[in-house]
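**Student:** A predicted structure for the sequence below; I have some questions about it.
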Amino acid sequence: MLEGKHFQNAYVTRNIDRTVAELQACSAIRKQIQTEVTVDVWTPKGQDSISTKLALLWVDDLQYEIIQPIAGDVDLYQDALGNDDSAHFHHICMRVDDWDEFRQRVDQQPFPVVLEGGNDALKFIYLDARALLGHYLEYTWMTEERWIQMGGRG
């Protein structure tokens with residue numbers, strides 16, 4: 001299931017500050033957001049919340065998301081971490097226009113849903129495409145206001 005507009009490559013790390021500093025040193029970052037968030041999610045284990053430190057760095061029209069898992073059911077991220085502080089590729093993310101239409105097709109495709117969450121302004125889902133592509137696929141829908149707030153361009 002490959003569809004939507006690819007706008008993000010995501011990486012996990014044990015040390016978000018180091019990874020962000022290294023990216024800043026070698027990239028022309030046009031917008032950067034750093035935050036720590038806790039969100040309610042569904043995983044195959046059930047409802048939970050996860051806490052992560054996030055950095056969103058835009059280079060032209062590609063967003064680099066850096067994720068440092070903190071607490072909750074963050075196995076999805078921790079399993080990809082190495083033994084050091086380096087960053088490791090985790091997933092790509094595509095933006096879809098119609099969430100309800102997209103979400104109906106998710107149940108008919110072969111990749112298992114491993115994480116899902118969201119609210120009225122932003123919804124997201126992770127599909128496990130590792131057997132085919134070697135990584136996860138994240139899909140997201142968000143309001144236009146949220147997209148612009150995150151640094152996206154119309």
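**Tutor:** Looks like it came in fine.

**Student:** quick check, distance from the helix ranked longest in the chain to the centre of its chain.
**Tutor:** The single longest helix within the chain, with elements called by DSSP state H, is helix 16-26. Distance of helix 16-26 from its chain centroid, counting by Cα atoms, centre = their mean, to the nearest Å, is 18 Å.

**Student:** stretch 111-129 now?
**Tutor:** 9 Å.

**Student:** ok, now stretch 25-45?
**Tutor:** Centroid separation for stretch 25-45 versus its chain: 7 Å, with Cα atoms, centre = their mean.

**Student:** would you mark the buried spots in that stretch?
**Tutor:** Neighbour-count burial for stretch 25-45, counted by 16 or more other Cβ atoms under 10 Å, picks out V39, V41, T43. From N, CA and C alone the C-beta is placed, and that goes for glycine too.

**Student:** how about stretch 77-88?
**Tutor:** For stretch 77-88, the neighbour count (16+ other Cβ under 10 Å) marks Y77, A80, L81, A87 as buried.

**Student:** roughly how far does the last one sit from R103?
**Tutor:** What it means is A87. 30 Å (Cβ to Cβ, to the nearest Å).

**Student:** what's the local residue count around Q149?
**Tutor:** 13 (other Cβ atoms under 10 Å).

**Student:** tell me the average confidence for stretch 111-126?
**Tutor:** Averaged across stretch 111-126, pLDDT comes to 97.

**Student:** what is the end-to-end distance of that stretch?
**Tutor:** 9 Å (Cα to Cα, to the nearest Å).

**Student:** how about residues contacting it?
**Tutor:** The contact list for stretch 111-126, computed with Cβ atoms under 8 Å, 6 or more residues apart in numbering, reads 1, 39-44, 76, 91, 93, 99, 103, 106, 127-129, 132, 136-143, 145-146.
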